[in-house]
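[1] Following is a predicted model, sequence given first.
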Amino acid sequence: MTEFGRVRLAPGYSIAPVINGCWQLTPDHGGGPSSEAEILRIFAELVDHGFTTFDCADIYTGVERLIGRFRRSLPDPDLIQVHTKLVPDKATLHELTAQQVEAVIDRSLERLGMERLDLVQFHWWDCGVPGLEMLTECLVRAQEQGKVRLLGATNFNTVAIRQLVEQGVPLVSLQAQYSLLDRRPERHMTGLSRERGVGLLPYGVLAGGFLDAKYLGARPPGRMNRSLTKYRLIIEEAGGWETYQDLLRVLSSIARKHAVPLELIAARWVLDRPEVKAIILGVGSRSRASRNTALAEVELDSEDRQRIRMQLERQRIPAGDMYDLERDQNSPHSAIIKTNLQQAPL
Ligand SMILES: NC(=O)c1ccc[n+]([C@@H]2O[C@H](COP(=O)([O-])OP(=O)(O)OC[C@H]3O[C@@H](n4cnc5c(N)ncnc54)[C@H](OP(=O)(O)O)[C@@H]3O)[C@@H](O)[C@H]2O)c1
């Protein structure tokens with residue numbers, strides 16, 4: 001078995017190239033394992049296989065505490081890295097205060113049982129609403145106080161990321177949607193990423209599970225968890241169900257050639273983008289730790305890359321820059337996003 005190397009996100013800080021995404025573990029997602037015991041077993045298996053980095057958020061109900069319990073069960077809790085987020089409520093964005101930001105950071109520290117958060121990825125719903133500068137100042141102060149190690153952003157467009165970098169916010173990463181069905185980061189962000197060294201940490205790499213052999217030749221599912229609901233819309237943006245089926249056929253044939261599961265070809269393609277530091281894959285309904293180690297061995301050759309390129313030429317790139325569709329109040333993409341979760345229990 002080829003071992004995955006580590007990825008250096010910043011001096012003295014390295015992570016696994018595949019990050020364990022924990023949105024699926026929130027009670028209202030409808031896509032995670034059935035019990036906490038099962039989740040903790042899956043976490044342990046992931047760590048045993050070298051997948052030591054976890055992605056969560058202040059607004060993923062119950063998940064920071066869950067990871068905190070897992071950390072405490074480890075002989076060395078510092079064996080794992082935890083990337084959380086700071087997502088203020090949209091309804092009260094205009095009145096967010098420095099005290100509230102500090103309280104959110106302290107709450108994440110307490111929930112996770114950590115003295116310093118490894119990476120805080122912040123979001124701001126609307127750059128037209130003042131307050132983002134106050135937020136980043138608070139985060140930089142938290143870094144200086146030793147409460148936060150590194151800063152990242154999530155779901156900003158390239159213009160906003162450029163502004164943040166030019167204002168001197170020490171961003172090491174941007175978490176954004178990036179997959180064979182959604183190449184919006186290639187419009188502008190990958191250029192900025194190369195220019196300013198802000199690494200990409202993509203989500204949506206498997207389109208919530210749609211980039212999986214089980215959908216090959218299938219009709220659109222009736223019942224969908226929250227991820228599938230979100231990425232079903234992206235399939236439409238990319239050209240529709242039949243175009244997506246063509247993509248699955250191409251991936252299936254390449255996967256057969258390499259004797260690996262189809263989804264690992266989709267994941268490898270994103271991981272191979274030079275601007276991508278590491279990919280996030282959701283912790284799904286069951287353990288895929290041992291299956292996903294095969295990702296280290298897959299090497300797409302020039303024929304594979306050419307076949308994928310030809311398929312991508314037949315697809316559409318969703319409109320606008322990263323997260324523009326999701327920010328648009330008139331688009332169905334925004335309707336499925338929960339924007340006020342700071343007061344949720346746990
Ligand atoms: N910043 C943001 O706005 C944002 C948005 C979305 C997600 N995220 C982050 O990204 C993480 C991933 O979520 P996502 O929406 O991007 O989902 P994803 O990683 O594209 O898809 C994950 C799903 O794919 C299925 N799957 C099939 N084969 C798999 C394999 N080999 N390994 C892992 N999963 C496999 C699983 O579903 P089944 O078990 O049901 O088959 C799993 O739940 C989240 O947990 C979260 O941390 C962030």
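    Structure's in. What do you need? Numbers count the residues shown, from 1 in each chain.

[2] Model confidence score at the residue in the stretch 201-346 of the chain positioned nearest to the ligand, please.
    Residue nearest to the ligand within the stretch 201-346 of the chain (C-beta to the nearest ligand atom): residue 284, separated by 2.4 Å. Heads up, the C-betas are built off the backbone N, CA and C, glycines and all. pLDDT for residue 284: 86.

[3] Show me how far stretch 150-170 is from its chain's centre.
    16 Å (C-alpha atoms, centre = their mean, to the nearest Å).

[4] next one: stretch 88-100
    23 Å.

[5] Can that stretch be said to contact the ligand?
    No: against the ligand, stretch 88-100 shows no contacts by C-beta under 6 Å from any ligand atom, the least distance being 13.3 Å.

[6] Convert the C-alpha atoms of that stretch to PDB, please.
    What follows is stretch 88-100, C-alpha atoms only, in PDB (Å, rounded to 0.1, in the frame of the first residue of the first chain):
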ATOM      1  CA  PRO A  88     -22.000  34.600  12.000                       C
ATOM      2  CA  ASP A  89     -25.700  34.700  11.700                       C
ATOM      3  CA  LYS A  90     -26.900  36.400   8.500                       C
ATOM      4  CA  ALA A  91     -29.900  38.100  10.100                       C
ATOM      5  CA  THR A  92     -27.800  39.900  12.700                       C
ATOM      6  CA  LEU A  93     -24.600  40.300  10.600                       C
ATOM      7  CA  HIS A  94     -24.800  44.100  10.800                       C
ATOM      8  CA  GLU A  95     -24.800  44.100  14.600                       C
ATOM      9  CA  LEU A  96     -22.000  41.500  15.200                       C
ATOM     10  CA  THR A  97     -19.600  42.700  17.900                       C
ATOM     11  CA  ALA A  98     -16.100  41.900  18.800                       C
ATOM     12  CA  GLN A  99     -17.300  40.400  22.100                       C
ATOM     13  CA  GLN A 100     -19.600  38.000  20.200                       C
END
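
[7] what pLDDT, on average, does that stretch get?
    95.

[8] Residue 135 reaches residue 104, doesn't it?
    No: counting by C-beta atoms under 8 Å, residue 135 does not reach residue 104; the two are 10.0 Å apart.

[9] Can you work out which residues contact both of the two?
    Listed as contacting both residue 135 and residue 104 by C-beta atoms under 8 Å, 6 or more residues apart in numbering are 86, 88.

[10] what pLDDT, on average, does whichever strand or helix holds residue 232 get?
    Residue 232 belongs to helix 226-237 when assigned by DSSP states H and E. For helix 226-237, mean pLDDT rounds to 95.

[11] which residues sit against the helix or strand just after it?
    Downstream of helix 226-237, the first helix or strand assigned by DSSP H and E is helix 241-258. Helix 241-258 is contacted from outside by 180-181, 210-211, 213, 215-217, 220, 235, 238, 261-262, 264-266, 298, 300, 304, 307-308, 311, 314-315, using C-beta under 8 Å, 6+ apart.

[12] try stretch 4-19
    50-55, 81, 83, 118-119, 149-150, 172-173, 199, 201, 267, 271, 277-281, 292-293, 295-296.

[13] which residues sit in contact with residue 140?
    So residue 140 contacts 151, 169-170 (C-beta under 8 Å, 6+ apart).

[14] ok, now with 10 Å
    148, 151, 168-170 (C-beta atoms under 10 Å, 6 or more residues apart in numbering).

[15] Which residue comes closest to residue 180 once chain neighbours are left out?
    Leaving aside its sequence neighbours, residue 180 sits nearest to residue 266 (C-beta to C-beta, 6 or more residues apart in numbering; 5.5 Å).

[16] Distance check, that neighbour against residue 151.
    Counting by C-beta to C-beta, to the nearest Å, the gap between residue 266 and residue 151 amounts to 29 Å.

[17] So between the two, which is more surrounded?
    residue 266 (26 against 23; other C-beta atoms under 10 Å).

[18] anything in the helix or strand where that one lies near the ligand?
    Per DSSP H and E: residue 266 is located in helix 262-271. Yes: Helix 262-271 reaches the ligand (C-beta under 6 Å from any ligand atom) through residue 263.

[19] packing partners for the helix holding residue 232?
    helix 241-258, helix 324-327, helix 332-335 (3 or more C-beta pairs under 10 Å, 6 or more residues apart in numbering; DSSP states H and E).
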